[in-house]
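Trainee: Kindly return the folded structure for what I paste below:
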Amino acid sequence: MPMRMTCLWVGLAALVWAQPRGDSPGERGGGFAASAGYRLGPGDVVDIRVFGVEELSKPAALGADGSVALPLVGVVELAGMTTAQAALRLQELYGTNYLREPQIAVMVKEYFSQPVSVLGAVTRPGIYQLRGPRRLSDVLALAEGLAPEAGSEITVSRSKQEGGEQTFTVPVRGLLSLNGQEENNPWIQAHDTIRVAKAGIVYVIGEVGRAGGFPLKDQEQITVLKALSLAEGLRRTASPQKSKIIRTAGEQKTETLVNVRHILEGRAPDTLLAPNDILFVPHSQAKSAMGRAAEAAIQITTGVIVWRR
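Mentor: Numbers count the residues shown, from 1 in each chain. Below is the predicted model of the structure:
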């Protein structure tokens, strides 16, 4: 194509990648401020449209240094710019020596420079790419929401430019209710790490109606009676007076006998269970082998979690 080209005037304004609207970029939300729009970065693929000059209209990928190599104008650094700023920069470069009043639009075709890690109790943990300012709820939606075993807290971690890490904790209940409180739905930025804590679980195994694990929601506390209720009560073959609570702390495991019959009759106080405790109710005809039965039952049923109550 000849070096001297004339750009046809097109009565269209340069297109700009549409950013989501909502709070102004400078507002505070949950301890983290919103970014001022999507900024191009290494790996992003942009679609450059020079109206009236198809030869210059093509996709281009930003290299590791944040620049692109373009016909006529050579290497242009676009990292850190919004699409609108990139379009103005290209209009300036092409308009200086090559085109008359060029009209240029830049849009993001593929996102690769704004990763966010979503870990823990979500449906699809992984790395997701931001497409402009996003709040915590938006990013969790990319991961298809919270998993049934989600606990009571979400932690957002961000590296500081001067070193170290900044963290912010959001209560799950606050995020789900919101009630106009922005601190429960903070802005998320590139390279943030979101960790959704898993709920503690109490296991009920042995001679009960529905053996399995029951998650503790919102710092919930479960007693022996409540755990038995969730497990749909005792079977007729149960020996509740010989029940035990199996508790693990680090590498140490303790077994405590508990008379469930006395608790049911109101003759003994209801016992509070801790996260990851196992309440084992033995068979009435297996008292002598209770220890071995408990071990076998734990191995078989601790992987069975009852999420729906």
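Trainee: give me every residue that touches the closest residue to residue 123 other than its chain neighbours.
Mentor: With C-beta to C-beta, 6 or more residues apart in numbering as the criterion, residue 123 has its nearest non-adjacent residue at 3.7 Å, and that residue is residue 144. Backbone N, C-alpha and C define where each C-beta goes, glycine included. By C-beta atoms under 8 Å, 6 or more residues apart in numbering, the contact set of residue 144 is 122-124.
Trainee: For PyMOL, write a command that selects the buried ones of the residues you listed.
Mentor: Restricted to buried positions by 16 or more other C-beta atoms under 10 Å, the PyMOL selection for the contacts of residue 144 reads:
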select buried, resi 122
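Trainee: just curious, which of the contacts of residue 144 is nearest to residue 74?
Mentor: Nearest to residue 74, judged by C-beta to C-beta, of those is residue 124 at 41.7 Å.
Trainee: Low-confidence ranges, the stretch 101-250 of the chain, go.
Mentor: 178-181, 218-219 (pLDDT under 70).
Trainee: Strands along that one, start to end?
Mentor: Using DSSP state E, counting those that start in this stretch, the strands of the stretch 101-250 of the chain run over 104-110, 115-120, 126-129, 134-135, 150-159, 165-171, 187-188, 193-198, 201-206, 212-215, 222-223, 243-249.
Trainee: what's the closest of the ones you listed to residue 52?
Mentor: The nearest among these, by C-beta to C-beta, is strand 104-110 at 10.4 Å.
Trainee: ok now that closest one, how far from the chain's centre?
Mentor: Relative to the chain's own centre, strand 104-110 is displaced by 28 Å; criterion: C-alpha atoms, centre = their mean, to the nearest Å.
Trainee: Buried residues of it, list them for me.
Mentor: For strand 104-110, by 16+ other C-beta under 10 Å, it's 104-108.
Trainee: Residue 225: what's it in contact with?
Mentor: Contacts of residue 225 by C-beta under 8 Å, 6+ apart are 263-264, 270.
Trainee: Which of those fall within helices?
Mentor: 263-264 (DSSP state H).
Trainee: Quickly list what the residue positioned nearest the centre of the chain is bridged to.
Mentor: By C-alpha atoms, centre = their mean, the chain has its centre lying nearest to residue 118, at 3.6 Å. The partner list for residue 118 in beta bridges (DSSP bridges) reads residue 126, residue 194.
Trainee: Which member of the contacts of residue 225 is positioned nearest residue 165?
Mentor: Nearest member of the contacts of residue 225 to residue 165, counting by C-beta to C-beta, is residue 270, at 42.0 Å.
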